[in-house]
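S.K.: just coords:
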């Protein structure tokens, strides 16, 4: 009962450093699900066998998922809080010059796509088309 309350309270809190892990896991599950559904639709004469096997697998997997689904989220929150504690300790012990250098590196990395776009704008026509494809611009 207490675990359910903790789990419900924790769902509202986002991960500070490892949110990308949840996003990647969600993307992977969605992609796998789409691939599975596509393969199931294209299974042809094996379709009845797939349907027969799918029922018992769901009957076993759904209760197991419901019972243990909080574990990965709890572990991820624990690791995220550990990373937060480590970053706090490192942040307190680093000299200001290192912090300033890291801020400059991050700003340079964020400026890199714009610099690449400006470089691509000065290149010939075909290269501009490739750059637009690479950056996903239409």
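M.R.: Here it is on my side, so go on. Since the structure is predicted, the reported quantities are computational estimates derived from the model, not experimental observations. Numbering: from 1, shown residues only.
S.K.: Quick check: residue 21 vs residue 83, distance?
M.R.: Relative to residue 83, residue 21 is positioned 11 Å away (CB to CB, to the nearest Å). Bear in mind the C-beta positions are built from the backbone N, C-alpha and C, glycine included.
S.K.: Kindly point out which residues are neighbours of both of these two.
M.R.: Here residue 21 and residue 83 share no contacting residue, scored by CB atoms under 8 Å, 6 or more residues apart in numbering.
S.K.: Assign residue 14 to helix, strand or coil.
M.R.: Here residue 14 is recorded as coil under DSSP: H, G, I helix; E, B strand; the rest coil.
S.K.: now residue 17
M.R.: coil.
S.K.: residue ranges with poor pLDDT in this protein?
M.R.: Residues of the chain meeting the criterion pLDDT under 70: 1-13, 120, 123-128, 131, 137-138.
S.K.: what ranges do the helices span in it?
M.R.: Secondary structure of the chain by DSSP state H: the helices cover 2-11, 19-41, 47-68, 70-93, 96-121, 125-135.
S.K.: Can I get these in TSV including mean neighbour count?
M.R.: Converted to TSV, those look like this (neighbours: other CB atoms under 10 Å):
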stretch	mean neighbour count
helix 2-11	10
helix 19-41	11
helix 47-68	10
helix 70-93	12
helix 96-121	10
helix 125-135	11
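S.K.: From residue 57, how far off is residue 63?
M.R.: Residue 63 is 12 Å from residue 57, by CB to CB.
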